[in-house]
Each structure stands twice: as structure tokens, then as C-alpha cells.
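Peer 1: Predicted model and sequence follow; I will ask about them next.
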Amino acid sequence: MMPKSEYRPQIDSLRAIAVFAVMYSHFWDDASLWGHYGVRLFFVISGYLITGILIRSKEAARSQGALGVILVFYLRRALRIFPAYYVMLALAAAFLPEVRSSLPWHAAYLSNILFALDGNWDPWPLAHLWSLSVEEQFYLFWPLLIVLSPGRTLIPTLIGIIFAAVAFRAAIVFYLPEGPARYVLTPAAFDALGGGGLLAAIEASNRLTDPPRRRLAIASVAAIAIVVVSLTLQSAMFNFVLGDFLTVVPMVAVVSWASVGAKGLVKRLAENSIVRYLGRISYGIYLYHFPALAVVFLFCEHFEMQLPSLGPIRFVIASLVTVAAAAVSWHLLEQPLNRLKARLSYVAAPAGN
């Protein structure tokens with residue numbers, strides 16, 4: 001098994017899959033659930049990687065103190081996330097007047113609260129920022145939980161958080177049967193974030209070897225079968241409350257196998273250089289994909305052209321523009337700043353996170 005501090009290329013490939021699932025739903029078929037599952041996979045990956053970093057940082061906490069480690073974590077996250085995020089907001093404000101009135105919400109990482117309060121997705125070019133707000137709100141308390149929790153209580157605490165998410169979604173479906181609030185409030189994502197965190201905690205305890213991974217794979221098949229059957233029931237209570245929880249199981253299984261490196265044909269596909277590159281720039285792809293679509297609309301309007309409606313042509317055009325914007329962001333902004341994280345060190349952490 002590879003050391004936990006090594007770069008894991010197959011995790012990048014999972015990021016690529018997740019972000020293209022989102023673009024498929026937004027550019028090709030807005031009735032598809034793939035975008036929803038793509039965001040949930042991002043949450044599982046984030047919970048796994050961030051929790052792993054924080055667990056390993058506990059060793060450093062003995063020498064530099066827990067608060068010092070938490071401060072380093074926040075500085076590293078800010079360096080990775082803030083520059084590209086605020087550049088995107090500035091460009092969106094410059095080219096898309098409809099987003100300007102809501103900018104304070106987005107700048108404060110409160111997009112999810114805005115959409116929950118308004119009960120709609122306006123302004124749509126920034127509608128995707130709800131999930132980045134969830135991530136940022138998650139970062140506020142998660143380091144405190146992981147670094148300050150005694151080792152023996154961490155796994156039970158994470159299990160409790162996962163089930164708390166299910167209870168929260170059950171309550172919100174009862175009180176708010178319609179609208180974005182059902183999806184965008186941070187506690188609703190705790191089972192995905194916590195599921196990734198639980199995987200990292202179990203790995204750190206050296207309890208996860210190949211036999212448990214095989215059992216997890218079997219459980220995943222059962223969970224997927226239940227979800228597929230449940231989708232025919234059209235029951236919001238089941239699909240949203242329990243279905244989302246069940247889909248975390250196969251996602252955790254996939255992340256688990258990717259973390260140690262799947263073999264054979266899967267390895268060749270998952271470690272393809274193009275797929276890994278798209279995974280590496282996936283933050284920028286996600287960040288720019290809706291604003292890029294809005295700019296394409298403006299371009300077509302200016303030249304009196306008609307952009308095809310949802311479907312493969314729009315998917316190709318919007319995806320190419322999005323990936324180009326993300327590549328520019330990665331090479332000119334994100335990657336140079338990412339190298340500065342080496343100066344903010346506590347313990348070895350997976351590269352690129």
C-alpha cells in the first residue's frame with residue numbers, strides 16, 4: 001500500500017469524472033441526476049483528503065500546538081481557493097451585470113444561504129457557488145473537530161455526524177418540501193463530507209485492508225441497487241433523505257480503491273494523463289463552467305447567433321470554453337500560488353490539495 005503522503009493520481013481522475021458529471025447536467029441534460037451525484041462525489045473526496053491531512057497534522061500539533069496547525073491549515077486553504085474564486089467573481093461582475101447585486105453574498109461564501117432564503121437560483125451564472133459555500137463553511141469547523149478530538153472518539157463522532165445529516169434532510173423535507181433550501185444548506189452534505197472523513201479516519205487507524213474494501217464494494221452494489229429501484233418510486237423522502245445517504249457508500253468505496261490505486265484496465269484509464277490533468281484543473285472547471293456558459297450566450301447574442309439548446313452541441317461548445325478558462329486559471333494563477341504552500345508546512349500532505 002502506498003504511503004499516505006504520496007500523490008494519488010486516481011483521486012484526480014475521480015475529480016474529472018465528478019466535474020464532467022456536473023457539466024453534463026448543466027450543459028446537456030438538466031433533468032439528469034449526474035450533476036447532483038458529481039457534487040456529492042466532490043464532497044466525499046474533499047472530506048477524505050481534508051480529514052487525512054488534519055489527522056496527520058496531529059503529529060505536528062504536539063510540537064507547534066493545535067492552534068498553530070489549524071492556522072496553517074486555514075492559510076493553505078485560503079491560498080488554494082481564494083485567488084481563483086475572487087478573480088472569477090471579479091470577471092463575472094465585469095461581464096455579467098445581473099450578478100452584481102448579489103456579489104456580497106458570494107464574496108462572503110454565503111451563496112447557499114442566499115438561494116435558500118430567496119427560494120430560487122438567481123442569479124443563475126453563480127448558482128453553482130452554493131456547493132463552494134458549503135465547502136468553505138465545512139472548513140470553518142472541521143479542523144477544530146479533527147485536530148482537537150481525542151483519537152478514540154473521532155470515528156464515533158464522524159458516524160454521528162453522518163446520521164445527523166440524514167436526520168437534517170428528513171426534517172427539511174418535512175418543513176420545506178420544495179426549493180433550493182433542501183439541497184444547499186451545509187448540514188445536508190454532512191453524510192458525504194463525513195463519509196469521506198470516516199474513510200480517512202479508518203485508514204489512519206490501520207483497520208482498512210483489502211478484505212474490508214471488498215466488503216465495502218459488495219455493500220456498494222447493494223446500495224446502488226436500492227437507489228435504482230427507489231428512483232422509480234418518485235418519493236422525495238426516500239430519494240433525497242435515504243437515497244443520498246446510500247449513494248455515499250459506493251462513492252466512499254470508489255475513493256477507497258482510488259486512494260491505494262486500482263489495478264489493470266481501471267488503472268490505465270484512471271491514470272490517463274489527459275484525465276488526470278482535467279482532474280487537476282477541476283476546481284477551475286467547476287468555478288468557471290456557469291459563468292463561461294453565460295459569456296457564450298452573450299457572444300452569441302452580440303453576433304446574432306443561436307446557441308443550441310441543451311444537448312451535445314451546447315455541451316461541447318460550453319465545455320471547451322470552460323476547460324480553456326480553467327487551464328488559463330491553473331497555469332497563470334493557481335499553480336504558481338500552489339507552490340507557495342510548501343512554505344506553510346505542518347506534515348507531508350497529498351500534493352495538489
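Peer 2: Thanks, I have the structure now.

Peer 1: nearest residue to Ile50 other than its sequence neighbours?
Peer 2: Sequence neighbours aside, Trp142 is the residue nearest to Ile50 in space, at 6.4 Å (criterion: C-beta to C-beta, 6 or more residues apart in numbering). C-beta here means a position set from N, CA and C on the backbone, and glycine is covered the same way.

Peer 1: confidence score at that neighbour?
Peer 2: pLDDT for Trp142: 94.

Peer 1: hang on, isn't it packed against Thr51?
Peer 2: Yes: with contact defined as C-beta atoms under 8 Å, Trp142 counts as touching Thr51 (7.4 Å).

Peer 1: who's more crowded, the two?
Peer 2: Per other C-beta atoms under 10 Å, whichever of Trp142 and Thr51 has more neighbours is Thr51, with 26 against 22.

Peer 1: Torsion angles phi and psi at the more buried one?
Peer 2: phi -60, psi -40 (degrees, to the nearest 10).

Peer 1: how near is it to Phe27?
Peer 2: Applying C-beta to C-beta, to the nearest Å, the value for Thr51 to Phe27 is 32 Å.

Peer 1: burial measure for Asn120, as a count.
Peer 2: Other residues close to Asn120 by other C-beta under 10 Å number 12.

Peer 1: Relative to Pro180, how far out is it?
Peer 2: From Asn120 to Pro180 the distance is 7 Å (C-beta to C-beta).

Peer 1: any common contacting residues for those two?
Peer 2: Residues touching both Asn120 and Pro180 (C-beta atoms under 8 Å, 6 or more residues apart in numbering): none.

Peer 1: got any residues that touch both of Trp142 and Thr51?
Peer 2: By C-beta under 8 Å, 6+ apart, the residues touching both Trp142 and Thr51 are Gly197.

Peer 1: Skip the chain neighbours and tell me the closest residue to Val39.
Peer 2: Ser131 (5.1 Å).

Peer 1: same question but for His128, I mixed them up
Peer 2: Closest to His128 by C-beta to C-beta, 6+ apart is Phe290, at 5.0 Å.

Peer 1: list the contacts for the one you found?
Peer 2: Counting by C-beta under 8 Å, 6+ apart, Phe290 has contacts His26, Trp124, Pro125, Leu126, Ala127, His128.

Peer 1: hmm, which of these are the buried ones?
Peer 2: His26, Pro125, Leu126, Ala127, His128 (16 or more other C-beta atoms under 10 Å).

Peer 1: farthest pair in the residues you listed?
Peer 2: His26 and Leu126 (12.7 Å; C-beta to C-beta).
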